[in-house]
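Visitor: give the three-dimensional model of this entry:
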Amino acid sequence: MMQRVGYLLRSDLDYIIDFYNIKIESISAAKSSTDNFDGLVELGIDAFNMQRYIDDMSHFGWPEITEKIGEYLEKTYKDKNIIKNIYNEIIAKIKNNFDGQRTIGENDYIIENKIFYYRSLKGAWYEISTEEIFLLLPTLSKKISPEKSSSLEAKYKPTSLDGIYCKWASADDLRSTLNNLLHFEEGTTTPEKYAQSVNTQIKNILSNPPSITAIEKNHDEGENYLESLIKISYKIINFVQPLRGGAKYPLYILRDGMMFSEAHSALDILTGNNFNHGEVMIGRKLLSTSTQPEFYWRLTVDVLYAALRKHPNNFASFEKEYYRLMADAEKKYPELSELFIRLADYLRKHVEAKAGSTLIMVDTGLQGSVNMLIKYLFDKHSRKNNKTDIFMFVVGDWFKGIYSGKYASDYYPMMKDIEILSRSENIYNYKPGSFEEGDLKVEMGDKNYQLKANIELIVLTTLCYIMQKSN
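Guide: Residues are numbered from 1 along each chain as shown. This is a model prediction of the structure:
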């Protein structure tokens, strides 16, 4: 039996480690010879994302992967923190050689006297640690003096998001409370029934959107909470926008894809265009057995990496190999084939794509395991004749060869930013056994989680309104 580390076969982890080795060598060579700002930022992003994957594996419940990669770095480079050290060298080169307002990753900073300064949407200025400059929202704890703030403000050119926030904050025709905008449910329901009630909630929000002050009064998560939600929502809206229209039928994968689907619905209502889309809930819990959690999901990951190792740079060849290996797995595990038949039937019942449209499986990303599985189910088990494709917010760097054009951003941490939201993590949970019984059901989270999820939806929907209103 092959050794497994976390959710990966040892051979698959070795593939990632080999990629890391090549990347470390290339970044190490490039950082010394690169003197231009954009080139240094690109190298910094690469190093930052590599380290984030290592750290995130522990956060998501697979500390063995973090440990094994650390052991490899220590053995090979005699430095467990070599990626962090490379990153620090790159950032030092940036701050020592460049000044003024600069776009670095997701934000604009002013670099002055080798210090990175960040302006919040509210207009407050902060000194930012070099470890966090590639985050969508760095920790806003080190506030600077009023005199220094005034000096920086005079030099700062507002971004497009600054302008949108300003329009929202200064609008005097917005609702002053959240009365009738908060929606709570108890007990058991289905994702479809919940989505119907949320669609009504979205319409209520858009008919009389709330002010920022009204939203602030309904949470106690700290002063940076709303800024974080706005920035995440802004990226979600820009991610969804290109998926609407034409001959595309986005199929958003729940739960992490819930806010994608909700942004799509809000934009449809605002524009008066009904660009069809759907949502399905297929994930690790449905791909488990009663005795082995995530058993079939891990099998799909094994197939995914086996195809990747053979064809790392050509999606058509990769897909062909993936389909061949998945068909072999179905023959080896008859119960897997039975599960796939039931999943395909579930998909048919929940997808209403027009003939000729392309079904696009949409998720947050990393490796596309569920996206590719659903694509396989449509292509090999469904009677629908639509073309299929996949699209993700972000992917691991070692997947960029095969997923070229099938992901939106190089901002890897966005995957975690979305997954920890209450709309993704806590709004409801799969009711064990319900899919096997013929009707996939979910159990609603407690009221505190639902309140946070409501705030997230209200921010997302109102931002859609403000952005549409301001073109």
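Visitor: contacts, neighbours, all on C-alpha from now
Guide: Fine.
Visitor: let me see the contact set for the most centrally placed residue in the chain.
Guide: Nearest residue to the geometric centre of the chain (Cα atoms, centre = their mean): residue 415, 3.1 Å. Residues in contact with residue 415, defined by Cα atoms under 8 Å, 6 or more residues apart in numbering, are 364-366, 393-394.
Visitor: state the distance from it to residue 252.
Guide: 15 Å (Cα to Cα, to the nearest Å).
Visitor: and the residue nearest to the centre of the chain, what pLDDT?
Guide: Per-residue confidence (pLDDT) for residue 415: 89.
Visitor: quick one, phi psi at it?
Guide: When read as degrees, to the nearest 10, the backbone of residue 415 gives phi -60, psi -50.
Visitor: ok, now how distant is the nearest residue to residue 177 once chain neighbours are set aside from residue 454?
Guide: Counting by Cα to Cα, 6 or more residues apart in numbering, residue 177 lies nearest to residue 214, which is 5.0 Å off, once chain neighbours are set aside. Per Cα to Cα, residue 214 is found 13 Å from residue 454.
Visitor: now for residue 383, how many residues are close by?
Guide: By the criterion of other Cα atoms under 10 Å, residue 383 has 11 neighbours.
Visitor: that's a strand at it, yeah?
Guide: No - read with DSSP: H, G, I helix; E, B strand; the rest coil, residue 383 is coil and lies in no strand.
Visitor: would you list the phi and psi of it?
Guide: phi -90, psi 0.
Visitor: could you shift the numbering so residue one becomes 49, and keep it that way?
Guide: Happy to do that; since the first residue is 49 now, the last one works out to residue 431.
Visitor: which ones are touching the residue nearest to residue 252 when sequence neighbours are not counted?
Guide: In space, and not counting its chain neighbours, residue 252 is closest to residue 229: 6.5 Å by Cα to Cα, 6+ apart. By Cα under 8 Å, 6+ apart, residue 229 lies in contact with 249, 252-253, 506.
Visitor: for residue 473, same thing?
Guide: 303-304, 467.
Visitor: any idea how far it is from residue 308?
Guide: 14 Å.
Visitor: also residue 486?
Guide: Residue 486 is 27 Å from residue 308, by Cα to Cα.
Visitor: equivalent analysis for residue 422, please.
Guide: The separation that residue 422 has from residue 308, given Cα to Cα, amounts to 17 Å.
Visitor: now swap in residue 266 and tell me
Guide: Relative to residue 308, and taking Cα to Cα, residue 266 is found at 23 Å.
Visitor: the more surrounded of those two?
Guide: Between residue 266 and residue 308, counted using other Cα under 10 Å, the more crowded position is residue 308 (27 against 13).
Visitor: so that one is in contact with residue 284, correct?
Guide: Yes - when contacts are counted by Cα atoms under 8 Å, residue 308 is listed as touching residue 284 (6.3 Å).
Visitor: which parts of the protein are strands?
Guide: Remark: strands assigned in the chain by DSSP state E are 52-53, 56-57, 148-152, 155-160, 163-167, 173-176, 190-191, 236-237, 296-301, 326-328, 406-414, 435-443, 476-478, 490-492.
Visitor: mean neighbour count, those: which tops it?
Guide: strand 296-301 (a mean of 26; mean count of other Cα atoms under 10 Å).
Visitor: neighbouring contacts of that strand?
Guide: Contacts of strand 296-301 (Cα under 8 Å, 6+ apart): 291-292, 306, 308-309, 323-330, 399, 401, 405-411.
Visitor: likewise for stretch 422-442?
Guide: 287, 371, 388-389, 391-393, 395-396, 401, 403-414, 416, 419-420, 454-460, 462-463.
Visitor: can you check stretch 215-227 too?
Guide: 256-263, 266, 514.
Visitor: mind doing that once more with 10 Å?
Guide: Contact partners of stretch 215-227, identified using Cα atoms under 10 Å, 6 or more residues apart in numbering, comprise 169-170, 209-211, 213, 253, 255-266, 503, 506, 510-511, 513-515, 517-518.
Visitor: quick one: end-to-end distance for it.
Guide: Termini of stretch 215-227 sit 22 Å apart (Cα to Cα).
Visitor: gap between stretch 389-409 and the chain center?
Guide: 23 Å (Cα atoms, centre = their mean, to the nearest Å).
Visitor: give the rounded mean pLDDT of it.
Guide: So the average pLDDT for stretch 389-409 ends up being 89.
Visitor: same check, this time on stretch 101-110
Guide: pLDDT averaged over stretch 101-110 gives 92.
Visitor: what's that stretch in contact with?
Guide: 53-56, 97, 111-118, 414, 444-445, 460-461, 464, 467.
Visitor: give the contact list for the nearest residue to residue 465 once chain neighbours are set aside.
Guide: Nearest residue to residue 465, sequence neighbours excluded (Cα to Cα, 6+ apart): residue 280, at 7.4 Å. Taking Cα under 10 Å, 6+ apart, we find residue 280 in contact with 184-185, 274, 462, 465-466, 469, 504, 507-508.
Visitor: ok, residue 370 next?
Guide: Counted by Cα under 10 Å, 6+ apart, residue 370 has contacts 348, 350-356, 358-359, 364, 376, 420-421, 424.
Visitor: cutoff 6 Å now
Guide: residue 355 (Cα atoms under 6 Å, 6 or more residues apart in numbering).
Visitor: so which residues of the stretch 199-348 of the chain form helices?
Guide: 208-218, 239-255, 260-264, 273-288, 306-319, 343-358 (DSSP state H, counting those that start in this stretch).
Visitor: between those, which one is nearest to residue 74?
Guide: For residue 74, the closest of those is helix 343-358, at 20.4 Å, according to Cα to Cα.
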